[in-house]
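1. One predicted model, sequence on top.
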Amino acid sequence: MTHLVVRNELLDAQTLRAAGAAPYGGADIGECLAAATAVRGTDLASWHEAWSSTAAAVLALAESEAAAGRTQSARPAFFRASSYFRTAGVMLLAAPLDPRLVDSYARQTSCFRSGAALLAESPEILEIPYEGTTLPGYFFRAGPDPAPRPTVILTGGYDSTAEELYFFNGAAALARGYNVLAFDGPGQGAALVQQGLVMRPDWEAVITPVLDYALSRPDVDPARVALIGLSLGGYLAPRAASAEHRLAACIADCGSYDLFDAALRRIPGPLAAGVTGGRAWQTAALRRILQMLARKPTAGWALRRGQFVHGAASPIEYLLALRAYSLKDHAGMITCPVLVCDAEGDDISASAPQLAEALTCEKQYLHFTAAEGAGDHCEAGARTLYHARSFGWLDGILHPERPVQPQPPGS
């Protein structure tokens with residue numbers, strides 16, 4: 001694992017995640033380090049205060065530069081403020097909904113849209129029809145003309161937002177000639193925090209209406225649409241591709257094969273066996289342990305987040321909900337080419353080799369290492385390396401044309 005500045009492993013990983021957006025205009029390393037060092041231990045209120053303060057200062061700079069007509073300075077400042085507001089709120093993901101999280105996510109969206117409006121090709125803000133409501137998203141066109149182009153659909157994970165997806169994959173895709181559609185699905189970003197839509201395992205039910213929308217556009221080449229899944233999206237994207245056969249390619253970064261099995265590996269053997277065997281006393285014991293763990297500031301964050309995202313009544317109900325998140329009966333149904341990625345120090349992607357092995361379609365497996373600075377979850381500290389390899393693979397399948405007016409990262 002890469003260590004930046006914070007002694008706590010989770011908070012340091014979140015700092016690296018924010019800093020990893022720097023190559024694409026979503027962060028400045030010094031600002032991230034300054035915010036992280038201002039946090040008092042594992043005090044999550046302190047985390048929110050430190051990152052919110054940094055975000056507010058950068059937003060003030062953005063607004064000042066925009067008022068003076070200095071777009072080249074205003075745009076990345078708006079983008080950085082967006083990243084920092086998201087980072088401020090992410091550690092508060094839990095039920096009941098924290099007003100500070102609502103405010104942080106609303107401000108990350110507002111800042112992002114202010115910055116995106118200053119791009120040479122500003123995105124369209126979308127409301128994609130979905131089961132009687134809509135999903136929020138963005139469509140970025142790779143060039144000014146309306147010619148049909150290859151397009152990537154970006155789907156995130158537990159705590160990602162459609163805005164963050166621009167820095168993780170969107171800007172890199174645009175620079176390579178791809179249109180980009182980024183969105184929040186159930187359990188993600190504004191769809192969760194503002195609409196109350198919780199996560200679901202059958203992600204094909206989400207991607208099909210998103211793809212329907214994409215294919216309705218004359219600037220999308222219907223034969224060249226790829227789906228890129230990030231973090232939990234490393235499960236969601238292949239799951240969608242197992243039933244949605246109009247996709248031309250799929251990327252799982254980092255690949256996940258069975259979330260329930262992965263969770264059980266973190267539980268002492270007798271308790272795990274009791275849960276799978278339906279033994280009441282062991283399940284009750286685990287219920288108490290998980291409830292105590294969930295109260296810990298950082299050690300319990302993943303449980304609180306998961307319970308909130310899945311709309312589960314308790315930590316153990318969240319654990320049991322993961323039984324539906326398996327590709328064991330779905331991987332063999334994928335027909336498009338698939339790229340499966342994992343990172344050396346990322347236990348979340350430990351089952352990626354199983355996913356790659358289970359695929360019967362055209363496939364490639366990429367392993368990223370700590371020695372090259374890419375051993376963290378979703379290669380958070382080495383996204384430019386990840387993009388070189390992953391888009392090298394995707395380019396060979398979809399053969400994008402270069403954009404009419406290529407833009408440097410963050411432009």
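-> It's in.
2. which stretches of this structure aren't confidently modelled?
-> Low-confidence segments of the chain (pLDDT under 70): 1-2, 278, 401-411.
3. All the strands of it, in order from the start?
-> Using DSSP state E, the strands of the chain run over 124-130, 133-140, 149-155, 179-183, 220-230, 249-253, 338-343, 363-368.
4. Please convert those strands to JSON lines, extending it with distance to residue 194.
-> Every residue, glycine included, has its C-beta placed from N, CA and C. Putting the strands of the chain into JSON lines (distance: least, C-beta to C-beta, whole Å) gives the following:
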{"stretch": "strand 124-130", "distance to residue 194": "12"}
{"stretch": "strand 133-140", "distance to residue 194": "8"}
{"stretch": "strand 149-155", "distance to residue 194": "18"}
{"stretch": "strand 179-183", "distance to residue 194": "14"}
{"stretch": "strand 220-230", "distance to residue 194": "21"}
{"stretch": "strand 249-253", "distance to residue 194": "26"}
{"stretch": "strand 338-343", "distance to residue 194": "31"}
{"stretch": "strand 363-368", "distance to residue 194": "34"}
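5. so which of these comes closest to residue 71?
-> strand 133-140 (17.5 Å; C-beta to C-beta).
6. Each with direction, which strands does that closest one pair with?
-> Here strand 133-140 is paired, per DSSP bridges, with strand 124-130 (antiparallel), strand 179-183 (antiparallel).
7. how about residue 318, what does it touch?
-> For residue 318, the contact set (C-beta atoms under 8 Å, 6 or more residues apart in numbering) comprises 303, 306, 307, 310, 312.
8. related to what we said a few turns ago, how about the strands paired with strand 133-140, which one is nearest residue 6?
-> strand 179-183 (28.3 Å).
9. now the strands of the chain as JSON lines including mean neighbour count and distance to residue 164?
-> As requested, the strands of the chain are exported to JSON lines (neighbours: other C-beta atoms under 10 Å; distance: least, C-beta to C-beta, whole Å):
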{"stretch": "strand 124-130", "mean neighbour count": "16", "distance to residue 164": "16"}
{"stretch": "strand 133-140", "mean neighbour count": "21", "distance to residue 164": "12"}
{"stretch": "strand 149-155", "mean neighbour count": "26", "distance to residue 164": "10"}
{"stretch": "strand 179-183", "mean neighbour count": "27", "distance to residue 164": "9"}
{"stretch": "strand 220-230", "mean neighbour count": "22", "distance to residue 164": "9"}
{"stretch": "strand 249-253", "mean neighbour count": "28", "distance to residue 164": "14"}
{"stretch": "strand 338-343", "mean neighbour count": "27", "distance to residue 164": "18"}
{"stretch": "strand 363-368", "mean neighbour count": "19", "distance to residue 164": "20"}
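10. Please parse the chain into its domains.
-> Dividing the chain into domains by automatic domain parsing, as the record does, gives the ranges 1-118, 122-258+325-411, 260-324.
11. Endpoints of the last one, how far apart?
-> From its first residue to its last, domain 260-324 covers 8 Å (C-alpha to C-alpha, to the nearest Å).
12. can you map out the helices along the stretch 301-411 of the chain?
-> For the stretch 301-411 of the chain, applying DSSP state H, counting those that start in this stretch gives helices covering 301-310, 315-321, 352-358, 383-398.
13. Of those, which stretch is the most buried?
-> Of these, the one with the most neighbours on average (mean count of other C-beta atoms under 10 Å) is helix 301-310, at a mean of 23.
14. so what does it touch, helix or strand wise?
-> With contacts defined as 3 or more C-beta pairs under 8 Å, 6 or more residues apart in numbering; DSSP states H and E, helix 301-310 has these neighbours: helix 280-294, helix 315-321.
15. contact partners of that helix?
-> By C-beta under 8 Å, 6+ apart, helix 301-310 touches 10, 91, 93-95, 97, 158-159, 187-188, 192, 198-199, 290, 293-294, 312-315, 317-318, 321.
16. Report the buried members of these.
-> Among those, those classed as buried by neighbour count (16 or more other C-beta atoms under 10 Å) are 91, 93-94, 158-159, 187-188, 192, 198-199, 290, 294, 312, 315, 318, 321.
17. Which two of those residues have the greatest separation?
-> Spatial extent of the buried ones among the contacts of helix 301-310 (C-beta to C-beta) is set by the pair 188 and 290 at 23.3 Å.
18. Quickly note the distance from the residue located most distally from the centre of the chain to residue 103.
-> In the chain, the residue that sits farthest from the middle, by C-alpha atoms, centre = their mean, is residue 281; the gap is 36.8 Å. Per C-beta to C-beta, to the nearest Å, residue 281 is found 43 Å from residue 103.
19. go on, residue 62?
-> 18 Å.
20. backbone phi and psi for residue 145, please?
-> phi -90, psi 160 (degrees, to the nearest 10).
21. Chain neighbours aside, what residue packs nearest to residue 41?
-> residue 8 (7.6 Å; C-beta to C-beta, 6 or more residues apart in numbering).
22. Quick check, that neighbour in contact with residue 42.
-> Yes. At 5.5 Å, residue 8 counts as touching residue 42 under the criterion of C-beta atoms under 8 Å.
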